[in-house]
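Undergrad: Sequence plus predicted model, see below.
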Amino acid sequence: MSSLNRSEQVASYLLEIGAVALRPQEPFTWTSGIKSPIYCDNRLTMAYPEVRNYIADAFAQLIKSEYPDAEVIAGTATAGIPHAAWVADKLNLPMAYIRDKAKGHGKQNQIEGLIKPGQKVVVIEDLISTGGSSIKAAQAVQEAGAEVLAVLAIFSYELDRAVDAFAAAELPLQSLSNYSTLIDVALAQGKIESTDVEVLKSWRKDPSSFGV
Ligand SMILES: O=P(O)(O)OC[C@H]1O[C@H](OP(=O)(O)OP(=O)(O)O)[C@H](O)[C@@H]1O
Ligand SMILES: O=C(O)c1cc(=O)[nH]c(=O)[nH]1
């Protein structure tokens, strides 16, 4: 592949740093309980300055062009936090993060940092599977009286379940890369075989029944 677009470049980076693991014989268990032949560990991007900087620039450009009114960049705990910090730094905006639930001690906060009622917030997540984690985080921001302009993620599996959940929650979602691009890039780079593509595509049609 000569000139890669943003989605292809992010997929290519994820493959290059070994963030994408295939294990059809011994499926991964996701946070939602779904069993999957693939796991994408975007946390590894932290270890690669060129990669994390490309991601932060891409998020920052997206926010500048599509959400120029953003006042706070909020990361989802835990994997969204470092990316939100780098993006907030690039945009010189306040940063916050959202726990999956309120702390049981101390100030019992779910949102750490500062999000004021009425502020316009962009939520940064590392990855969307079902969307459950990031929608919950975005709703916590809304419950705090702020407005969520969008949820932005590095990668999305493009599952129907997530698309429907974001639509029902009336939350815009954009990802820098996605499952279909990842498969195309991996195949073009010889990192997977056509037999892998068949498994990955058939799993994607019915993720809930894989490996059961
Ligand atoms: O769209 P969903 O079905 O909610 O799945 C995606 C979530 O799962 C992972 O987080 P995980 O629960 O592994 O926690 P972590 O961020 O603390 O690593 C990932 O970082 C997303 O937050
Ligand atoms: O749904 C998840 O838990 C999940 C899937 C995945 O590919 N990567 C990840 O970090 N979490």
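TA: Received it, and whenever you're ready, just let me know what you need. Ligands and ions are numbered 1, 2, ... in the order given.
Undergrad: rest of the way, CA atoms for contacts and neighbours
TA: Noted.
Undergrad: and the residue nearest the centre of the chain, what element?
TA: Of all residues in the chain, the one closest to the mean position by C-alpha atoms, centre = their mean is residue 127, 2.5 Å from it. Using DSSP states H and E, residue 127 sits in strand 120-128.
Undergrad: Tell me which residues touch the closest residue to the residue nearest to the centre of the chain other than its chain neighbours, please.
TA: In space, and not counting its chain neighbours, residue 127 is closest to residue 155: 4.9 Å by C-alpha to C-alpha, 6 or more residues apart in numbering. Shown in contact with residue 155 (C-alpha atoms under 8 Å, 6 or more residues apart in numbering): 126, 127, 128, 175, 176, 177, 178, 179.
Undergrad: try residue 53
TA: So residue 53 contacts residue 86 (C-alpha under 8 Å, 6+ apart).
Undergrad: ok so residue 174 is a strand residue?
TA: Yes: looking at residue 174 with DSSP: H, G, I helix; E, B strand; the rest coil, it is inside a strand.
Undergrad: tally of neighbours for it?
TA: 18 (other C-alpha atoms under 10 Å).
Undergrad: Look up how far ligand 1 lies from it.
TA: To ligand 1, residue 174 is 13 Å away according to C-alpha to the nearest ligand atom, to the nearest Å.
Undergrad: contacting residues around that residue?
TA: 150, 151, 152, 153.
Undergrad: now residue 30
TA: residue 36.
Undergrad: Ramachandran angles for it?
TA: phi -90, psi 170 (degrees, to the nearest 10).
Undergrad: before we move on, the earlier item: quick one: which of the contacts of residue 155 is most hemmed in?
TA: residue 126 (27 neighbours).
Undergrad: Make sure it is actually in contact with residue 157.
TA: No: Residue 126 sits out of contact with residue 157 when judged by C-alpha atoms under 8 Å, with a separation of 11.7 Å.
Undergrad: ok, the closest residue to residue 77 other than its chain neighbours to residue 74 distance?
TA: Setting aside the residues directly before and after it, residue 77 is nearest to residue 99 in space (C-alpha to C-alpha, 6+ apart), at 5.1 Å. According to C-alpha to C-alpha, to the nearest Å, residue 99 and residue 74 sit 10 Å apart.
Undergrad: one step back: residue 208: which of the contacts of residue 174 is nearest?
TA: Using C-alpha to C-alpha, residue 153 comes nearest to residue 208 of the contacts of residue 174, at 22.3 Å.
Undergrad: For that closest one, name its beta-bridge partners.
TA: residue 125, residue 175 (DSSP bridges).
Undergrad: Pull the number of nearby residues for it.
TA: Neighbours of residue 153 (other C-alpha under 10 Å): 23.
Undergrad: Same question for residue 171.
TA: 16.
Undergrad: Need the three-state assignment for it.
TA: coil.
Undergrad: Number the residues from 491 up from this point.
TA: I'll keep to 491 as the first residue from here, and by that count the last item is residue 661.
Undergrad: Next, it: phi, psi?
TA: phi -120, psi 120.
Undergrad: Check residue 655 too.
TA: According to degrees, to the nearest 10, residue 655 has phi -70, psi -40.
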